[in-house]
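**Student:** A predicted structure for the sequence below; I have some questions about it.
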Amino acid sequence: MTHQLVRSAVLAAVLLAAGVGVAGAVPLGSITEFPDPGSNNAQVRAGSDGNLWFTDRAGAIGRITTAGAIAEFSSGLNAGSQPFSIVSGPDGNLWFTDAGTTSAIGTIDPSTHAIAEFSTGLNPGSKPAGIALGPDGNLWFTDGGSPAAIGMINPVTHAISEYSSGLNAGSVPQQGITAGSDGNIWFTDLGTSKAVGMIDPTTHAITEFSSGLNAGSAPGAAIVVGTDGNLWFVDHGKIGAIGTINPTTHAITEFGSGAGSVPGRIATGPDGNLWFTDKGSTPAIGTIDPTTFAITKYSSGLNAGSAPGGIGTGADGSLWFTDQGKIRAMGRAGSGAPAASVTAPSVSGTDGVGVAQTCGGDTWSSWAGQQPSRSAFGFDGYRWLLDGSPIAGATGPSYTPVAADAGHHLSCRVTATYTLLAVTVSATSADVPVKGAAEQLSELAAAVAGVGPGASLAHKVAAIEADVAANDTADACAELGAFNNEVQAQTGKKIDTSEAASLLTKAQDIGAALGC
């Protein structure tokens, strides 16, 4: 994939907002709902900042933290906006479709909450529905307008293109769209000829498949890739079902989801199962095992009159969903998954100015049989912090503190993405104090007390301390050289080898801090 489309300002802000690891998911099947009065929430997806983001068709983009705090943002949306579907983009922003008065593809910065919308290039009569990140780094969307189309927007240039050739006659692409394991973009079609379709992101060739769909099928609002590499979709037709299509053979199989079932959307969970919402006669959050095809449903904890809609995995390992029922809400269902972060990273080095420090040692749980990637996107990887704030340009696995860092606290954060789940997680090390030359000299003075012939080494360290206090770097460096010479001369005589090595390392670090 080509995901080098990240703006540095967004990167810094997003990583600053990310949390220090995440808590383990709540118990399997445990459901909690958080009221969101006045909303008309639709779809929910994890953001690069560790929060969940959702569309509100009442005219807003919403955010819910993994603790359940909700905020909504509307400044910058077009008049008459109706945000529909949402996805995290390669630039760290959230991208959404808007089927309102002025059809558009929009984006919101998760840190600044700035919203921008783009319409140039959309077909006349466009009705953008679903949106997904493609393997080419572009955002791909379905357009159920007239003419029906599959569209693409470049997240950097904002250029929009739409493609219709190959769609069935009477096609009405739905919100379901995703990048398949075969490199194509897959979508659901609820038009005259019900189908599951694909478009090649390079050639733009479109093909649709219907054989194997249930009689009265209605492939709907979601399609995702499962741990088996197949595409899984919801079917809210005459026979409520969860369907799967093999991306190579194009064979379609459907599994009934129960009497009175009306599946809404579907997502791959950290447990490797497919999770779906069901707003049928018995509202529920359901799972289907991709190997055994066994379906399990959870209802306890749902609000009275619940109508679960969108669903997506969060950074806490829970499945988060929108509830479009009598009590508008955002919900959380436990997957029983362990916390993403097993061991937080740590800073290794001697904590001194001028001495390279290394970030590492972080370990992560496997979710859906996958370890997270530290390099899938530009916002993944390392970030060094000074007193909790990002250090400009410090995004590698090592960092060398400068003189201005002395007396402050250094830490590092690792951010990684579970690519199958499209979930970004982070963990931050404990902080360490950055020691300047004076602090390191105090430690050296304590280390040489009673070491070597007489008090010679102690006197040399005292002389260096006096030079540093007087800002006489040249003499301090010269005295430091004399200190090293004496330690080397006494190694194996008055000073044992291991102790000498420790003293020389301390002296070397002081030299780095002084710039000798």
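**Tutor:** Looks like it came in fine.

**Student:** mind listing what the spatially most central residue of the chain touches?
**Tutor:** Using Cα atoms, centre = their mean, the residue of the chain that lies closest to the mean C-alpha position is residue 424, 2.0 Å off. By Cβ atoms under 8 Å, 6 or more residues apart in numbering, residue 424 lies in contact with 18, 46-50, 88, 315, 377, 379-380, 415-418. Every residue, glycine included, has its C-beta placed from N, CA and C.

**Student:** Where does residue 250 sit: helix, strand or coil?
**Tutor:** coil (DSSP: H, G, I helix; E, B strand; the rest coil).

**Student:** My guess is it contacts residue 213. True?
**Tutor:** No. Look at residue 250 against residue 213 with Cβ atoms under 8 Å: they stay out of range, at 11.7 Å.

**Student:** Who has more neighbours out of those two?
**Tutor:** Set residue 250 next to residue 213 and count neighbours by other Cβ atoms under 10 Å: residue 213 wins out with 23 against 15.

**Student:** before we move on, what SS does residue 501 have?
**Tutor:** helix.

**Student:** Now do it: how many residues are near it, please.
**Tutor:** Using other Cβ under 10 Å as the criterion, residue 501 is surrounded by 13 other residues.

**Student:** got a pLDDT number for it?
**Tutor:** Here the pLDDT value assigned to residue 501 is 95.

**Student:** show me the contacts for it.
**Tutor:** Counting by Cβ under 8 Å, 6+ apart, residue 501 touches no other residue.

**Student:** next one: the one 4 residues further on
**Tutor:** With contacts taken as Cβ under 8 Å, 6+ apart, residue 505 has the following neighbours: residue 350.

**Student:** what's the neighbour count on residue 210?
**Tutor:** By other Cβ under 10 Å, 15 other residues sit near residue 210.

**Student:** Next: the one 10 residues further on.
**Tutor:** Other residues within reach of residue 220 by the criterion other Cβ under 10 Å amount to 23.

**Student:** Relative to the helix or strand harbouring it, what are the paired strands and their orientations?
**Tutor:** Here residue 220, judged by DSSP states H and E, is contained in strand 219-225. Sheet pairing of strand 219-225 (DSSP bridges) gives strand 231-235 (antiparallel).

**Student:** List the neighbours of the partner strand that are in contact with it.
**Tutor:** Contacts for strand 231-235 (Cβ under 8 Å, 6+ apart): 176, 178, 180, 186, 188, 196, 213-214, 217-226, 241-245, 247, 254, 263-266, 268, 274, 276, 288, 290.

**Student:** For ChimeraX, write a command that selects the buried ones of those.
**Tutor:** This is how ChimeraX selects the buried members of these, with burial counted by 16 or more other Cβ atoms under 10 Å:
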select :176,178,180,186,188,196,213,214,217,218,219,220,221,222,223,224,225,226,241,242,243,244,245,247,254,263,264,265,266,268,274,276,288,290
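
**Student:** Among the contacts of strand 231-235, which are located in strands?
**Tutor:** Of the contacts of strand 231-235, the ones assigned to strands by DSSP state E are 176, 178, 186, 188, 196, 219-225, 241-245, 254, 263-266, 268, 274, 276, 288.

**Student:** Now do the same for the closest residue in space to residue 243 that isn't next to it in sequence: its pLDDT.
**Tutor:** Nearest non-adjacent residue to residue 243, counting by Cβ to Cβ, 6 or more residues apart in numbering: residue 254, 4.3 Å away. The model reports residue 254 with a pLDDT of 98.

**Student:** longest strand anywhere in the protein?
**Tutor:** strand 409-418.

**Student:** Mind checking the pLDDT average for it?
**Tutor:** The model assigns strand 409-418 a mean pLDDT of 98.

**Student:** The following helix or strand past that strand pairs with which strands, parallel or anti?
**Tutor:** For strand 409-418, the following helix or strand on the C-terminal side (DSSP H and E) is strand 423-428. In the sheet, strand 423-428 lines up against strand 409-418 (antiparallel) (DSSP bridges).

**Student:** re the thing from before, okay, angle between the longest strand of the chain and strand 263-268 too, please.
**Tutor:** When axes from the mean of the first three to the mean of the last three Cα atoms, to 10 degrees is applied, the directions of strand 409-418 and strand 263-268 differ by 120 degrees.

**Student:** my guess is the residue nearest to residue 243 contacts residue 240, does it?
**Tutor:** No. Counting by Cβ under 8 Å, residue 254 sits too far from residue 240 to count as a contact (9.8 Å).

**Student:** And what about the nearest residue to residue 456 once chain neighbours are set aside, helix, strand or coil?
**Tutor:** Nearest residue to residue 456, sequence neighbours excluded (Cβ to Cβ, 6+ apart): residue 486, at 6.3 Å. Classification of residue 486 using three-state DSSP returns helix.

**Student:** how close does residue 486 sit to residue 168?
**Tutor:** Applying Cβ to Cβ, to the nearest Å, the value for residue 486 to residue 168 is 87 Å.

**Student:** Please apply the same query to residue 286.
**Tutor:** Using Cβ to Cβ, we find residue 286 at a distance of 29 Å from residue 168.

**Student:** Between the two, tell me which one has more neighbours.
**Tutor:** Taking other Cβ under 10 Å, residue 286 and residue 168 do not tie; residue 286 has more neighbours (25 against 18).

**Student:** Count the residues that sit near residue 183.
**Tutor:** Counted with other Cβ under 10 Å, residue 183 comes out at 15.

**Student:** On the three-state scheme, it is what?
**Tutor:** Secondary structure of residue 183, reduced to three states by three-state DSSP: coil.

**Student:** Identify the bridge partners of residue 341.
**Tutor:** residue 364.

**Student:** Any idea how many residues pack against it?
**Tutor:** As a burial measure, residue 341 scores 25 neighbours (other Cβ under 10 Å).

**Student:** where do the helices sit along the stretch 1-150 of the chain?
**Tutor:** Taking DSSP state H, counting those that start in this stretch, the helices of the stretch 1-150 of the chain run over residues 8-17.

**Student:** could you check the distance from the residue nearest to the centre of the chain over to residue 371?
**Tutor:** 14 Å.

**Student:** joint contacts of those two?
**Tutor:** Contacts common to residue 424 and residue 371, judged by Cβ under 8 Å, 6+ apart, are absent.

**Student:** Helix, strand, or coil at the residue lying farthest from the centre of the chain?
**Tutor:** Distance from the C-alpha centroid of the chain peaks at residue 454, with 59.6 Å (Cα atoms, centre = their mean). On the three-state scheme (three-state DSSP), residue 454 is labelled coil.

**Student:** ditto for residue 457
**Tutor:** Three-state assignment for residue 457 (three-state DSSP): helix.

**Student:** ok so, going back, if I look at the residue nearest to residue 243, how far off is residue 244?
**Tutor:** Relative to residue 244, and taking Cβ to Cβ, residue 254 is found at 8 Å.

**Student:** so how many other residues sit close to residue 30?
**Tutor:** If we define neighbours as other Cβ under 10 Å, then residue 30 has 16 of them.

**Student:** Grab the nearest non-local neighbour of it.
**Tutor:** residue 334 (4.1 Å).

**Student:** all helices in the stretch 251-400 of the chain, in order from the N-terminus.
**Tutor:** Under DSSP H, counting those that start in this stretch, the stretch 251-400 of the chain gives no helices.

**Student:** Okay, now the unreliable bits of it?
**Tutor:** Counting by pLDDT under 70, the stretch 251-400 of the chain contains no low-confidence range.

**Student:** Touching, residue 127 and residue 101? I think so.
**Tutor:** No. Checked against Cβ under 8 Å, the pair residue 127 and residue 101 is beyond contact range at 11.7 Å.

**Student:** Those two: which has the busier surroundings?
**Tutor:** residue 127 (22 against 11).

**Student:** I am finished for the moment; much appreciated.
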